[in-house]
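Visitor: Generate a structure from the sequence data that follows.
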Amino acid sequence: MRTLHVVLRVSDLELSVAFYTAVGYTVVGTVEGTAFGSLAMLRLPGDGFVTIELVYDLARGDVDLGTGINHLVVQVESLDTTLADLAA
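Guide: Numbers count the residues shown, from 1 in each chain. All right, here's what the predicted structure looks like:
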C-alpha cells in the first residue's frame with residue numbers, strides 16, 4: 001500500500017502554499033475554478049507523485065481546525081484482497 005496524496009481544504013491558499021514551500025515542497029501545478037475550488041498540487045523534491053493537494057473555496061468559508069481533510073488517496077496491489085483483509 002502506498003499513500004499517493006492527501007487533499008487539504010485551506011482558508012488561505014497563498015499562505016498555505018507559502019508554508020508548504022518553506023518546508024520544502026514544490027508547487028507542480030494549479031487549477032482554478034474546479035467544482036471543489038482552486039487547487040494547488042505539491043510534491044517533495046525527488047518524489048514522482050503529488051503528495052499534497054490544497055483546495056481553496058471562498059464559497060465554503062474558513063476551514064475549522066480538524067475539518068480540513070477532503071480526501072486521502074492510497075494505492076493497493078489488489079482492491080479485492082485489501083477489502084477482504086480489512087473486513088477480517
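Visitor: Now residue 29. Nearest residue, chain neighbours left out?
Guide: Beyond its immediate neighbours in the sequence, the residue positioned closest to residue 29 (CB to CB, 6 or more residues apart in numbering) is residue 41, lying 4.6 Å away. The way it works is simple: take the backbone N, C-alpha and C, and place the C-beta from them, glycine included.
Visitor: State the pLDDT value of residue 74.
Guide: We note a pLDDT of 71 for residue 74 in this prediction.
Visitor: Three-state assignment for it, please.
Guide: When the structure is split into helix, strand and coil by DSSP: H, G, I helix; E, B strand; the rest coil, residue 74 lands in strand.
Visitor: State the distance from it to residue 39.
Guide: Using CB to CB, to the nearest Å, one obtains 19 Å as the distance from residue 74 to residue 39.
Visitor: Please say which of these two ends up with more neighbours.
Guide: Comparing residue 74 with residue 39 by neighbour count (other CB atoms under 10 Å), the higher total belongs to residue 39, at 18 against 11.
Visitor: residues making contact with stretch 19-34?
Guide: Stretch 19-34 is touched from outside by 17, 38-45, 50-52, 54, with contacts defined as CB atoms under 8 Å, 6 or more residues apart in numbering.
Visitor: If we use 7 Å, what do you get?
Guide: Outside of stretch 19-34, the residues within contact range by CB atoms under 7 Å, 6 or more residues apart in numbering are 17, 38, 39, 40, 41, 42, 43, 44, 45, 50, 52.
Visitor: Let's see if you can find the most crowded of those residues.
Guide: The most crowded member of the contacts of stretch 19-34 is residue 40, carrying 23 neighbours; neighbours defined as other CB under 10 Å.
Visitor: What's the end-to-end length of stretch 41-50?
Guide: Distances were taken as CA to CA, to the nearest Å; on that basis the terminal residues of stretch 41-50 are 6 Å apart.
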